[in-house]
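S.K.: structure for this input, please:
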Amino acid sequence: MRNADGPMCEAAVFQGRVPVSDPSTDDVNDPIDAGTRGRTPVDETSRHIRSFVLRQGRITPAQERAFAQHWGRYGLEPRGTPRDFAAVFGRRAPLVLEIGFGNGEQLCAAAAAEPERDFVGIEVHRPGVGHLLNALAAAALDNVRLYHHDAIEVLRDDIAPAALAETRIGFPDPWPKKRHHKRRLIQPGFVALLASRTAPGGRLHLATDWAGYAEHMIEVLEAAPDWRNAIGPSQYAERPAWRVATRFEQRGLRLGHGVWDLIYQRV
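M.R.: Numbering: from 1, shown residues only. Purely as a prediction, here's the structure:
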């Protein structure tokens, strides 16, 4: 296997989410709450509470060069108006969105395995975007475009109603402390927005390695009128064959950690 900036769609440890704190602690001085304590939570589809904290890891020279060399080919800048993805890709094909792609191993592998579909990835952490840019260029894939931006803003402003055939969200930050649950990405407002951007019959696939977040996801989506559990009411799914088990996930399974997959269909 080649190095982390090589051409293979290889598995990697990086997951794109910031490390989470110990749920048994509840430090009132936690800086995550700075500037938000005492405010009333707002609709996450407008002036939303962000589900991420930008604690950027070290970016390698190769990853930084990737922006200079490959962003023009693969990168998309937010427009604030719905984008014509048929024009972007030069064809009409089912459009798959991946939110929080981390190092991009899943997105790269999916694009290679499903050439009949077009993929849009969103990630806020620059090292992971740089890593994926290098992998896409080395693999000569042309059915992927990337946003280095906030996912809710892209979904709200750049993606037209009913444009998506599928959305994939793997291992979003679980924000385990109760007072931070408002920062979880999967919230009623978010899944309603996502439903509005998904064509009837389209799918939503979620995966988490945090039992409490899996239960939260089930609760939110079972109550969402626009989504139906594809397996059965309140049921988890088997890991789909297309979903790559990353090194991070494999390590967790060896340690006895659970992984929960959920699949919902747009009604």
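S.K.: low-confidence ranges, the protein, go.
M.R.: For the chain, the stretches flagged by pLDDT under 70 are 1-8, 10-57.
S.K.: I figured residue 249 was touching residue 261, is that so?
M.R.: No - using Cβ atoms under 8 Å, residue 249 is not in contact with residue 261, being 11.0 Å away. Every C-beta, even on glycine, is put in place using the N, C-alpha and C of the backbone.
S.K.: and residue 132, how many neighbours does it have?
M.R.: Burial of residue 132 is recorded as 28 neighbouring residues (other Cβ atoms under 10 Å).
S.K.: helix, strand, or coil at residue 102?
M.R.: coil (DSSP: H, G, I helix; E, B strand; the rest coil).
S.K.: so it sits against residue 124, correct?
M.R.: No - using Cβ under 8 Å, residue 102 is not in contact with residue 124, being 10.6 Å away.
S.K.: more neighbours, the two?
M.R.: Each of residue 102 and residue 124 has its neighbours counted (other Cβ under 10 Å); residue 102 has more, 26 against 21.
S.K.: separation between the more buried one and residue 200?
M.R.: 30 Å (Cβ to Cβ, to the nearest Å).
S.K.: repeat for residue 171
M.R.: In terms of Cβ to Cβ, residue 171 sits 28 Å off from residue 200.
S.K.: can you give me the strands for the protein?
M.R.: In the chain, the segments counted as strands under DSSP state E are 75-76, 95-99, 118-122, 144-147, 164-170, 198-208, 227-229, 260-266.
S.K.: mean neighbour count and distance to residue 219 for the ones you listed - can I get that in a markdown table?
M.R.: Listed next are the strands of the chain as a markdown table, based on neighbours: other Cβ atoms under 10 Å; distance: least, Cβ to Cβ, whole Å:
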| stretch | mean neighbour count | distance to residue 219 |
| --- | --- | --- |
| strand 75-76 | 17 | 33 |
| strand 95-99 | 24 | 20 |
| strand 118-122 | 26 | 24 |
| strand 144-147 | 23 | 29 |
| strand 164-170 | 23 | 16 |
| strand 198-208 | 20 | 13 |
| strand 227-229 | 18 | 12 |
| strand 260-266 | 20 | 11 |
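S.K.: can you list the ones you listed in a markdown table and add distance to residue 136?
M.R.: Output for these, formatted as a markdown table (distance: least, Cβ to Cβ, whole Å):
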| stretch | distance to residue 136 |
| --- | --- |
| strand 75-76 | 11 |
| strand 95-99 | 13 |
| strand 118-122 | 10 |
| strand 144-147 | 6 |
| strand 164-170 | 17 |
| strand 198-208 | 21 |
| strand 227-229 | 31 |
| strand 260-266 | 25 |
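S.K.: to residue 218, which of those strands lies closest?
M.R.: strand 260-266 (6.8 Å; Cβ to Cβ).
S.K.: list of residues touching that closest one?
M.R.: 195, 198-209, 211, 214, 217-218, 221, 226-231, 236-240, 243 (Cβ atoms under 8 Å, 6 or more residues apart in numbering).
S.K.: show me what contacts residue 234?
M.R.: Applying Cβ under 8 Å, 6+ apart, the residues near residue 234 are 218, 222.
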